[in-house]
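Undergrad: Fold the following, please.
(one chain, ligands or ions: 2)
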Amino acid sequence: AGPCDIYYAGGTPCIAAHSTTRALYNAFTGSLYQVQRGSDSATTDIAPLSAGGVANAGAQDSFCAGTTCLITVIYDQSGRGNHLTQAPPGGFQGPEANGYDNLASATGAPVTLNGQKAYGVFISPGTGYRNNAASGTATGDAAEGMYAVLDGTHYNDGCCFDYGNAETSSTDTGNGHMEAIYFGDNSIWGTGSGSGPWIMADLENGLFSGLSAGNNAGDPSISYQFVTAVVKGQPNHWAIRGANAASGSLSTYYNGTRPSVSGYNPMSKEGAIILGIGGDNSVSAQGTFYEGVMTSGYPSDATEDSVQANIVAAGYSTAPLTSGPVLATGSSISLRATTSGYTTRYLAHTGSTINTQVVTLSSTTALKQQASWTLHPGLGNSACFSFESADVPGSYIRHSNFALQLDADDGSKQFREDATFCPQAGLNGQGSSVRSWNYPTCWFRHFNNVGYAARNGGVHAFDAAASFNDDASWVVGAGFA
Ligand code: AHR
Ligand code: AHR
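TA: Ligands and ions are numbered 1, 2, ... in the order given. Just a heads-up that it's a prediction; the model follows:
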């Protein structure tokens with residue numbers, strides 16, 4: 001059985017079921033998600049390998065070979081058509097044209113399920129999915145349950161990495177107009193024990209870790225690689241539960257009455273579905289979503305315990321974040337451009353600006369050093385890399401407002417993540433293409449001989465689709481100095 005078969009048997013059927021990694025019903029053979037590739041904007045649907053099985057990641061890999069791919073639709077497996085698509089502007093605007101949110105990279109969150117490759121939904125700040133016309137979701141004070149499987153190591157303190165029930169207007173219509181899972185270390189409204197991240201409930205104008213806003217020591221910091229997060233609510237009663245999604249059972253972090261602040265009892269749920277954003281389209285948060293459902297009715301703890309066992313049995317495990325030529329930490333490297341007419345240029349820096357410069361064996365030592373980089377385990381994720389300057393030790397290539405620049409490591413989580421990059425097999429078939437870890441839609445790219453973290457076909461001039469693959473492919477060689 002799949003999670004939704006278990007909820008059905010428990011009398012609280014799924015009314016939405018989303019996953020890019022696997023079927024959530026034993027008999028499900030339909031499409032899990034849709035991807036769109038950058039080369040020709042064509043789309044394709046990805047289905048499970050077999051009924052109830054793991055997503056056919058190989059079909060995605062073939063379709064996306066030699067180009068970039070985005071997740072355009074996360075289909076609803078419940079049969080109600082509650083699909084998630086690119087979130088529209090609301091109280092806040094997204095970064096895409098007309099205020100829409102970004103779509104997620106199709107390759108930012110590789111995992112395996114019992115050894116079979118699949119991809120999750122890697123949400124960078126600015127990315128969001130939504131359905132403002134969902135059917136069968138809880139409205140008003142009606143009961144509902146939900147769970148999501150998330151990456152416990154990918155989070156931030158922005159508002160708000162959510163999955164669940166939100167406003168149909170994409171605006172903040174008041175307390176109690178949302179009921180969604182939140183994951184992260186935002187501490188504006190609520191906190192749990194330790195320094196986070198925490199599973200909380202986004203009930204609108206507040207992330208709740210327990211009975212009231214503020215600190216609730218019963219809500220623990222999460223340190224699992226994969227986390228199962230549960231929120232459920234019914235009249236004057238709600239709960240938060242959580243677990244390691246790869247082993248063990250659910251614990252209850254809160255189970256009790258509604259907040260006493262006006263607006264939360266009774267609730268005024270509106271029934272839209274969000275992923276990766278706040279109810280008002282707040283787009284500052286990051287996180288990774290693998291699977292999740294929403295139910296009709298308040299699931300029993302026993303039903304959720306069976307769902308957790310099913311998730312554990314699915315066998316979530318990490319997969320490599322890099323591909324292509326093998327790179328060794330500790331080595332000094334150079335990165336040569338492969339775009340025709342620019343192949344004598346190397347990724348270099350002038351002060352804090354990252355650019356490309358023509359470097360030869362007879363160049364000055366200063367220039368050779370400016371074009372040489374020492375590879376380190378990624379400061380934000382050791383499965384990827386950080387690039388330290390040869391002539392400014394302690395300074396690394398990072399992106400800021402999507403320009404590449406050389407900055408000293410200030411020790412902050414933001415710096416470390418901005419300075420982490422995951423090399424892939426070169427998009428144009430040569431060398432390596434270097435993807436940002438925290439914005440996997442963005443790649444090292446030279447544009448007018450300046451370095452950017454560029455998105456194929458994005459909104460900036462430096463995102464131009466023309467010449468993207470060539471500009472974003474680099475031959476990695478020995479460092480000059
Ligand atoms: O409740 C926290 C956030 O507050 C909601 O997600 C958003 O709609 C509002 O800004
Ligand atoms: O480069 C994109 C973002 O811009 C970085 O993550 C952040 O440091 C800056 O605001």
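Undergrad: Could you use CA atoms for every contact and neighbour count after this?
TA: Noted.
Undergrad: Backbone dihedrals for the closest residue to Ala328 other than its chain neighbours, please?
TA: Distances taken as Cα to Cα, 6 or more residues apart in numbering put Leu375 closest to Ala328, at 7.0 Å, once the chain neighbours are dropped. Backbone torsions of Leu375, given as degrees, to the nearest 10, read phi -80, psi 130.
Undergrad: burial count for Leu375?
TA: Applying other Cα atoms under 10 Å, we find 20 residues neighbouring Leu375.
Undergrad: OK, contacts around it?
TA: Residues in contact with Leu375 (Cα atoms under 8 Å, 6 or more residues apart in numbering) are 328-333, 385-388.
Undergrad: Between those residues, which sits nearest Ser296?
TA: Phe385 (44.3 Å; Cα to Cα).
Undergrad: Enumerate the residues of this structure near ligand 1.
TA: With Cα under 6 Å from any ligand atom as the criterion, the chain comes near ligand 1 at residues 160, 172, 202-207, 278-280.
Undergrad: ok, those vs ligand 2, which is closest?
TA: Cys160 (15.9 Å; Cα to the nearest ligand atom).
Undergrad: Just to check, the closest one is in contact with Tyr182?
TA: Yes - the criterion here is Cα atoms under 8 Å, and Cys160 meets it with Tyr182 at 6.8 Å.
Undergrad: what's the pLDDT at the residue nearest to Ala328?
TA: pLDDT for Leu375: 98.
Undergrad: Repeat that for Ala213.
TA: 89.
Undergrad: distance of it from ligand 2?
TA: Going from Ala213 to ligand 2 by Cα to the nearest ligand atom, to the nearest Å gives 29 Å.
Undergrad: Who are the contact partners of that residue?
TA: Going by Cα under 8 Å, 6+ apart, Ala213 touches 189-190, 206-207, 259.
Undergrad: And Thr344, by the same measure?
TA: Residues in contact with Thr344, defined by Cα under 8 Å, 6+ apart, are 336-337, 357-360.
Undergrad: Looking at the chain, which helix is longest?
TA: helix 301-314 (DSSP state H).
Undergrad: Residues touching it, excluding its own?
TA: The contact list for helix 301-314 (Cα under 8 Å, 6+ apart) reads 2-3, 6-7, 10, 113-114, 228, 243, 245-250.
Undergrad: Pick out the residue in the stretch 1-150 of the chain sitting closest to ligand 1.
TA: Closest point on the stretch 1-150 of the chain to ligand 1, by Cα to the nearest ligand atom, is Gly91, at 7.9 Å.
Undergrad: What distance do you get for that residue to ligand 2?
TA: Following Cα to the nearest ligand atom, the distance that separates Gly91 from ligand 2 is 20 Å.
Undergrad: Neighbours of that residue, how many?
TA: 15.
Undergrad: correct me, but it touches Thr173?
TA: No - applying Cα under 8 Å as the test, Gly91 and Thr173 come out as separate, 9.9 Å apart.
Undergrad: For Val227, give the beta-bridge partners.
TA: Leu150, Asn244 (DSSP bridges).
Undergrad: okay but it is in contact with Gly152, surely?
TA: Yes - here Val227 reaches Gly152: they are 5.5 Å apart, a contact under Cα under 8 Å.
Undergrad: Count the neighbours of Gly315 for me.
TA: A count of nearby residues for Gly315, using other Cα under 10 Å, gives 16.
Undergrad: Now do it, the pLDDT please.
TA: Note on Gly315: pLDDT of 98.
Undergrad: which residues sit in contact with the residue in the stretch 251-400 of the chain that ligand 2 sits nearest to?
TA: Here the stretch 251-400 of the chain gets closest to ligand 2 at one residue, Ser400, 3.4 Å apart by Cα to the nearest ligand atom. Ser400 is in contact with Asp418, counting by Cα under 8 Å, 6+ apart.
Undergrad: Can you tell me how far it is from ligand 1?
TA: Distance from Ser400 to ligand 1, by Cα to the nearest ligand atom: 25 Å.
Undergrad: Same check on Ala245?
TA: Distance from Ala245 to ligand 1, by Cα to the nearest ligand atom: 25 Å.
Undergrad: for ligand 2, what are the nearby residues on this protein?
TA: 399-402, 414, 418.
Undergrad: 5 Å instead, please
TA: 399-402 (Cα under 5 Å from any ligand atom).
Undergrad: For the buried ones among these, write the corresponding PyMOL selection.
TA: Selecting only the buried entries of the residues of the chain next to ligand 2 in PyMOL, with 16 or more other Cα atoms under 10 Å as the criterion:
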select buried, resi 399+400+402
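Undergrad: Among the residues of the chain next to ligand 2, which pair sits farthest apart?
TA: His399 and Asn401 (6.6 Å).
Undergrad: Now the residue nearest in space to the middle of the chain: closest residue in space, sequence neighbours ignored.
TA: Residue closest to the mean C-alpha point of the chain, counted by Cα atoms, centre = their mean, is Phe122 at 2.0 Å. Of all residues not flanking Phe122 in the chain, Thr288 sits nearest, at 4.5 Å (Cα to Cα, 6+ apart).
Undergrad: quick one, phi psi at that neighbour?
TA: Main-chain dihedrals, Thr288, degrees, to the nearest 10: phi -130, psi 130.
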